[in-house]
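1. got a predicted structure plus its sequence, pasted below:
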Amino acid sequence: MPDTPTGFAPSGGALLHYQTAGEGGDSIFFIHAGVADSRMWAHQFTNLASNYHLVAYDARGFGQSLFFDEPFSDHADALAVLDHLGIASAVVVACSMGCQTAINLALTAPDRVRALVLIGGWPPGFEASEEYEPPQWPELVKAFRAGDMETTADLGSEIWVVGHGRSKADVDPDVFELVSEMSLIALPQEKARDERAVALDPPAKERLNEITVPTLVMIGEYDLPDLQEGAVYMAGLFSSQPAEVIPDSAHLPSLEQPERFNKALLDFLETL
């Protein structure tokens with residue numbers, strides 16, 4: 001395994017930025033949310049590296065991974081990072097958009113996924129009993145279509161960092177600004193990513209019963225209502241335990257409540 005803590009893994013024409021920490025123990029592979037990049041795992045890298053080998057990467061078009069205009073799949077990119085680093089099997093920890101990547105990775109390369117931790121996500125094909133639209137959504141769409149990415153990023157942070165049932169004054173302003181900063185990098189690539197992404201065939205929603213690895217589902221206390229419902233549903237599909245609710249956090253508990261998040265993760269890892 002390379003000695004360098006950071007580098008770039010090739011996948012198709014793209015170069016995917018990654019960072020590593022720790023030498024011993026199981027490998028933990030972190031996949032970020034669609035409003036973030038690998039920086040959302042900073043607290044985990046600070047506190048878990050003494051006992052585990054940690055890897056996080058930026059999906060193409062996020063963070064330091066430039067978008068390369070070609071057909072691609074996020075799960076193939078994730079596998080390319082594992083291959084580049086010589087990781088035979090890892091516990092995959094994924095948030096939001098990353099949950100889709102992790103599920104597809106578990107379906108297409110099951111021997112590479114030892115266990116799953118799925119945060120603030122939903123399984124492919126899930127439909128909430130009642131669709132929830134955040135009050136910021138119409139203005140966010142208007143700003144995005146007008147090319148005003150700064151307003152789009154800030155409104156996105158109101159949705160995902162503030163969450164449902166609290167105000168901006170209730171959240172750490174540094175977390176809010178970091179998420180806006182991370183979103184600003186990815187937003188200009190969103191349309192191109194959607195157009196070039198290749199869907200799994202056959203679809204993941206028809207194959208979810210193939211996932212049998214130990215799984216922990218987490219959800220922030222103030223995450224959106226449809227994601228709360230999705231977490232309950234996903235825990236019923238993949239886990240023998242109910243979804244772990246992280247208090248005083250919304251969509252990104254690893255950033256908002258790192259100590260509580262790390263404890264839930266470590267408790268799960270000890271059961272493997």
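-> Nice, I can see it. Numbering: from 1, shown residues only.
2. which stretches of the stretch 101-250 of the chain form helices?
-> Here the stretch 101-250 of the chain has its helices, by DSSP state H, counting those that start in this stretch, at 137-145, 149-157, 173-186, 190-196, 225-238.
3. dump those to a markdown table, plus mean pLDDT.
-> Output for those, formatted as a markdown table (pLDDT from 0 to 100):
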| stretch | mean pLDDT |
| --- | --- |
| helix 137-145 | 98 |
| helix 149-157 | 98 |
| helix 173-186 | 98 |
| helix 190-196 | 96 |
| helix 225-238 | 96 |
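4. most tightly packed of these?
-> Neighbour counts (mean count of other CB atoms under 10 Å) averaged over each of the helices of the stretch 101-250 of the chain peak at helix 149-157, with a mean of 21. (Each C-beta comes from the backbone N, C-alpha and C, glycine too.)
5. so that one versus helix 173-186, what angle?
-> Interaxial angle, helix 149-157 versus helix 173-186 (axes from the mean of the first three to the mean of the last three CA atoms, to 10 degrees): 130 degrees.
6. other SSEs contacting helix 149-157?
-> When contacts are defined as 3 or more CB pairs under 8 Å, 6 or more residues apart in numbering; DSSP states H and E, helix 149-157 sits against helix 137-145, helix 173-186.
7. one step back: tell me which of the helices of the stretch 101-250 of the chain sits nearest to S89.
-> With CB to CB as the criterion, S89 lies closest to helix 225-238 of the helices of the stretch 101-250 of the chain, at 17.7 Å.
8. show me how far the closest one is from its chain's centre.
-> Here the centre of helix 225-238 is set off from its chain's centre by 16 Å, with CA atoms, centre = their mean, to the nearest Å.
9. for the chain, what spans make up the strands?
-> Shown for the chain, the strands assigned by DSSP state E span residues 6-11, 14-21, 27-31, 53-57, 90-95, 113-119, 215-220, 244-246.
10. A76: which of these is closest?
-> strand 6-11 (6.6 Å).
11. so what touches that closest one?
-> With contacts defined as CB atoms under 8 Å, 6 or more residues apart in numbering, strand 6-11 is touched by 15-20, 57, 60, 65, 72, 76-77, 80-81, 83-85.
12. do you know which of the strands of the chain lies nearest A169?
-> Going by CB to CB, the one of these nearest A169 is strand 215-220, 17.5 Å.
13. in the sheet, which strands lie alongside that closest one, parallel or antiparallel?
-> Strand 215-220 pairs in its sheet with strand 113-119 (parallel), strand 244-246 (parallel), by DSSP bridges.
14. give me the mean pLDDT for that strand.
-> In this model, strand 215-220 has a mean pLDDT of 98.
15. of all the helices of the stretch 101-250 of the chain, which one is nearest C95?
-> When the helices of the stretch 101-250 of the chain are compared (using CB to CB), the closest one is helix 225-238, at 10.9 Å.
16. quick one: list the elements packing against that closest one.
-> Under the contact criterion of 3+ CB pairs under 8 Å, 6+ apart, helix 225-238 touches strand 113-119, strand 215-220.
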